[in-house]
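Asker: Let me see the structure of the following:
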Amino acid sequence: MLFTDSVFVGVDPTSSHKSYTFAALDKGLNLVALTDGELDDVTAFLGGQASAVVAVNAPAGVNRGLVREKKREMFKSLKSRASGFRVAELELRDRGIAVSGTPSTVAACPAWIQTGFALYRKLERMGFKKYPADNMPHQILESQPHAAFCVMAGSVPHAKPSLEGKLQRQLLLYEAGLRIKDPMDFFEEITRHKMLKGIWPLDMLYLPEQLDAMAAAYTAWLTIHKPENISTVGDPAEGLIVLPEKTLKEKY
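Answerer: Residues are numbered from 1 along each chain as shown. You can find the predicted model right below:
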């Protein structure tokens, strides 16, 4: 892969405005794109790139029942309802990272997961290969934004719609090296007068879905530029989730 020409894209299919929110970073972690769009908008952007690594904040496939095939002692949280989770999701939950499960059929999946499936299918038809694919210019991988921020923070962060949650996530990304707005500037804009009037400089903070997309883009960037700083959970036969931290804690 030509690092000088590569973009690293994170796609979040849970935006309430459009079908997808996507962010793109260059090799220097500059934010070169951040927008909402439909499937054709995302694929048009990616189709114009000489090389790209794309991380999608959605399951790459349905639950194949592999949890039932694993030994019970492997999962502290294994109960009768655990069959509703993929191996990767149950591994995260065992570490205290609350993520939702993935049903065993496409029809049973919620809309945001089906939206993710549509993107995976389209990118595969465009020639994107599942990460890791050595020397392939177009690769795709699965990311998980809540898990990404948990491992980056070393603990479960504040709720993402809250002011504290947005500040915390933006600071984690900024401290990781992303060339984005410094969230600490938010506090410099707060004055007694503005607080009395209820005027907050919220335009200095990114929306939750934008932060999730940037976390995915950062994860994609790490897979090429610092692969020693990532880890994966799950089973390759069912889907691996890539996380932006080399060592995972037992509990978050």
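Asker: does Glu245 really touch Val151, like I thought?
Answerer: Yes: contact criterion CB atoms under 8 Å: Glu245 and Val151 qualify, at 3.8 Å. (Glycine included, C-beta is placed from N, CA and C.)
Asker: More neighbours: these two, which one.
Answerer: Using other CB atoms under 10 Å as the criterion, Glu245 and Val151 rank with Val151 on top: 22 against 18.
Asker: Remind me which helix or strand that one belongs to.
Answerer: helix 145-153 (DSSP states H and E).
Asker: CA atoms only: put the helix or strand following that helix into PDB for me.
Answerer: As assigned by DSSP H and E, the chain's next helix or strand after helix 145-153 is helix 163-175. Below are the C-alpha coordinates for helix 163-175, written out as PDB (Å, rounded to 0.1, in the frame of the first residue of the first chain):
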ATOM      1  CA  LEU A 163     -21.400  17.500  27.400                       C
ATOM      2  CA  GLU A 164     -18.800  15.600  29.500                       C
ATOM      3  CA  GLY A 165     -19.000  12.600  27.200                       C
ATOM      4  CA  LYS A 166     -18.300  14.700  24.100                       C
ATOM      5  CA  LEU A 167     -15.500  16.600  25.700                       C
ATOM      6  CA  GLN A 168     -13.900  13.400  27.000                       C
ATOM      7  CA  ARG A 169     -14.100  11.600  23.600                       C
ATOM      8  CA  GLN A 170     -12.800  14.600  21.700                       C
ATOM      9  CA  LEU A 171      -9.900  15.100  24.100                       C
ATOM     10  CA  LEU A 172      -9.000  11.400  23.800                       C
ATOM     11  CA  LEU A 173      -8.800  11.700  20.000                       C
ATOM     12  CA  TYR A 174      -6.900  15.000  20.200                       C
ATOM     13  CA  GLU A 175      -4.400  13.600  22.600                       C
END
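Asker: which residue sits closest to Lys129, ignoring its sequence neighbours?
Answerer: What sits nearest to Lys129 in space, not counting adjacent residues and going by CB to CB, 6 or more residues apart in numbering, is Met136, at 4.7 Å.
Asker: Next, give phi and psi for the one you found.
Answerer: When read as degrees, to the nearest 10, the backbone of Met136 gives phi -90, psi 130.
Asker: quick one: low-confidence ranges for the protein?
Answerer: Within the chain, the segments meeting pLDDT under 70 span 1-4, 15-17, 68-83.
Asker: same thing but 90
Answerer: Scanning the chain with the threshold set as pLDDT under 90 gives 1-6, 14-18, 48, 64-84, 132-137, 184-204, 237.
Asker: What backbone torsions are found at the residue located most distally from the centre of the chain?
Answerer: Residue farthest from the centre of the chain, counting by CA atoms, centre = their mean, is His193 at 37.9 Å. Dihedral pair for His193: phi -60, psi -50, per degrees, to the nearest 10.
Asker: before we move on, what about Leu141?
Answerer: According to degrees, to the nearest 10, Leu141 has phi -140, psi 170.
Asker: Now do the contacts for it.
Answerer: Counting by CB atoms under 8 Å, 6 or more residues apart in numbering, Leu141 touches 53-56, 130-131, 219-220, 223, 240, 242.
Asker: which one is it nearest to, not counting chain neighbours?
Answerer: Nearest residue to Leu141, sequence neighbours excluded (CB to CB, 6+ apart): Tyr131, at 3.9 Å.
Asker: measure the one you found to Ile140 for me?
Answerer: 6 Å (CB to CB, to the nearest Å).
Asker: Good, wrapping up.
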